[in-house]
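Quick one: sequence plus predicted model below, questions after.
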There are 2 protein chains.
Amino acid sequence: MLAGALLTTTTQSCQPSGDNKTDTTKAADKTTSDPLPSWNDGALKQSIIAYVTKVTKQGSPDFIPEEARMATFDNDGTLWAEQPLVQELFAYYMAGKMMEKNPALAQKQPFKAIAEKDKAYFQKNGEKALLEVVISTQAGMSEDDYEAAARAFFSTAHYPRPEVPIKNITYQPQIELLTYLRANGFKTFLCSGGDVDFMRVISKDYYGIPKEQVIGTMFQYEFIDSNRTNYRKQALWHFNDQKKKPVGIQIVIGQRPVFACGNERSGGDIAMLEYCQSNKYASFQMIINHDDSVREFFYQEKDTASLKAAAKNNWHVASMKNDWKTIFTK
Amino acid sequence: MLAGALLTTTTQSCQPSGDNKTDTTKAADKTTSDPLPSWNDGALKQSIIAYVTKVTKQGSPDFIPEEARMATFDNDGTLWAEQPLVQELFAYYMAGKMMEKNPALAQKQPFKAIAEKDKAYFQKNGEKALLEVVISTQAGMSEDDYEAAARAFFSTAHYPRPEVPIKNITYQPQIELLTYLRANGFKTFLCSGGDVDFMRVISKDYYGIPKEQVIGTMFQYEFIDSNRTNYRKQALWHFNDQKKKPVGIQIVIGQRPVFACGNERSGGDIAMLEYCQSNKYASFQMIINHDDSVREFFYQEKDTASLKAAAKNNWHVASMKNDWKTIFTK
């Protein structure tokens, strides 16, 4: 989804979340064999289960061998909240650390805007300004220093709306879906606009997805012999959004996914779902619709391109409001 | 190994293989629990088993959690023969197909040299000439057409020395090593200078390694909406050799391997083994030495950089002559 985790919000409307504590449904409370307890019973849940059942049943005409059961999930807005982007919070966090060491930086843009919490600056200068923060705070970092910084961030950071640790902005129904797919022999991958090594810090803990199954935006790296370590250069190598998502999948997985899930917001997942749908095997595409202004956020693309693509291509649309019993992981 | 699967041979000496049929040892004949029956008993085999045992023993000070048990293997000269490179045979095969369709091409270099079996041309023009063949025969291909072409090649191609199907130039001791590592919770990856999508066609069948665990040289790809397919562009995106191997590993795996194996010929694996050795966990590095002029080929780097690096860094060196009971897969 979304125009990459490195972009600022350009959505039509965005309302803050309500109190998600009013949602008291807990998966753990249930004593049932339902693999998707946080999904409301309905057509979509039935479709998911019917798909997984038919493609994993040996002898079924739709049977998919395990080596082709690849499932790709966008992250921001698909597996966790994106208002604001966590990647954006991390960029500001890193800028803050730099300004602590070098206070003079706070007189210079884009640091000045961060120091003064000048949101208008980033709204005005868009992707370019945020990318400047990302690159200027991360270029030259070793892979180990970057991982340590991201770990430190995740260990203390809170998400602003709702005010919770980052882990609690992940979507419980999607965690169940990932688990259900894996239990049926699917290999689950993240495929997101977020920085690949940023997501790797939490992918296993949050989603059960190992580091080597994360596809994301990549910095250019250089291996330095003397330290035997990769360092981030002053530029991106691959911006894993829109039409670059199928390319990212080609690079890392080497075949089309049979199951792909993204969300509406910027059209960022359309190409990934198209690519999935061109699989020779029976495939499943799903777009998360952010239509729950009470429990999460309500936002739609200006041109509703993702929902239009879903309608045109017969992709499934998950309504957060209607299909999800619970929103956030507790 | 080797300066990439796209390079021509620049080794000091290279003698044709002897009759590998004189080697009658068969792993299957043995009724033993030896996990490496095609390895001669000796210090190296003991070291491999001792390493795997200590890092997989819960409670051992050297224990490595499964999520960090990443093993990377070069392909050409490490898992299969590289005199000549299979990738080179495929480039000529593709050029041949093009000349069948367009005979006028045979008047133009580098096609003329291929049509006339003019080895001197490629020796003289080196990497650049071969790369020209690769790019001019593959640019514009869709991922599906490329895969189909590579499959067609593998289904019929024979290796010249010895004259066998390509599958039979894989090294039996290494197949056993890959199997042994996987049985102990390691995740095995190819990390080679060969084209990533070329290797993916045979990685599962030859080595038990799935497509998504192959790291290689990558073309630039472009996703075309109308066909929902990735196409090869007119240039390489990543040449996975020497210092680019750790970068390829960073992109795909996101952490250092604990086990890495390459071979001497061009210094192409030194950086990968250095990178592996900088792992915080106990690690294992091995260089295959092509010192068996009777059963395979004898060749050494001009500067013996790989063997020097092995001596300096205490890496293991596998002598094909002394450590391997069998060379080729039967």
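Thanks, I have the structure now.

for chain A, what spans make up the strands?
Under the criterion DSSP state E, strands of chain A are mapped to A:70-73, A:158-159, A:164-165, A:187-195, A:214-224, A:229-238, A:259-263, A:284-289, A:316-319.

Pick the most deeply packed of the ones you listed.
Highest mean neighbour count of the strands of chain A: strand A:259-263, a mean of 29 (counted as mean count of other C-beta atoms under 10 Å in any protein chain shown). No exception for glycine: its C-beta is placed from N, CA and C like everyone else's.

Let me see the contact set for the spatially closest residue to A:Ala81 that is not a sequence neighbour.
Leaving aside its sequence neighbours, A:Ala81 sits nearest to A:Ile169 (C-beta to C-beta, 6 or more residues apart in numbering or on different chains; 4.2 Å). Counting by C-beta atoms under 8 Å, 6 or more residues apart in numbering or on different chains, A:Ile169 touches A:80-81, A:86, A:159, A:162, A:328-329.

and what of A:Gln220?
Listed by C-beta under 8 Å, 6+ apart, the contact partners of A:Gln220 are A:232-237.

what do you get for A:Asn230?
A:142-143, A:221-224, B:246-247, B:250.

just the residues you listed now: which is nearest B:Thr53?
The closest of those to B:Thr53 turns out to be B:Pro246 (C-beta to C-beta; 27.3 Å).

Which positions in the stretch 201-330 of chain A make contact with chain B?
With C-beta under 8 Å from any C-beta of the partner chain as the criterion, the stretch 201-330 of chain A meets chain B at residues A:204, A:210-214, A:218, A:221-223, A:225, A:227-230, A:243-247, A:250-255, A:271, A:274-275, A:277-278.

Now, of the residues you listed, which are buried?
For those, a neighbour count by 16 or more other C-beta atoms under 10 Å in any protein chain shown gives the buried set as A:210-214, A:218, A:221, A:223, A:228-230, A:243-247, A:250-255, A:271, A:274-275, A:277.

Show me the shaky parts of chain A.
Counting by pLDDT under 70, the ranges of chain A that qualify are A:1-32.

can we see that at 90?
Along chain A, the model assigns pLDDT under 90 to residues A:1-33, A:119, A:122-123, A:125-131, A:161-162, A:330.

show me what contacts the residue nearest the centre of it?
Taking C-alpha atoms, centre = their mean, the centroid of chain A lies closest to A:Asn75, which sits 1.0 Å from it. Going by C-beta under 8 Å, 6+ apart, A:Asn75 touches A:5, A:190, A:192-194, A:199, A:216.

ok, now A:Lys243?
A:Lys243 makes contact with A:271, B:222-223, B:225, according to C-beta under 8 Å, 6+ apart.

which of the residues you listed sit farthest apart?
Greatest spacing in these, by C-beta to C-beta: A:Ala271 and B:Glu222 (11.2 Å).

quick one: the longest helix seen in chain A to strand A:229-238, angle?
Ordering each helix of chain A by length in residues (DSSP state H) puts helix A:119-138 first. Counting by axes from the mean of the first three to the mean of the last three C-alpha atoms, to 10 degrees, helix A:119-138 lies at 140 degrees to strand A:229-238.

since we're on the closest residue to A:Trp324 other than its chain neighbours, how many residues are nearby?
If the residues on either side of it in the chain are set aside, A:Trp324 comes closest to A:Pro173, at 4.7 Å by C-beta to C-beta, 6+ apart. By the measure other C-beta atoms under 10 Å in any protein chain shown, the count of residues near A:Pro173 is 24.

Thanks again, I'm all set now.
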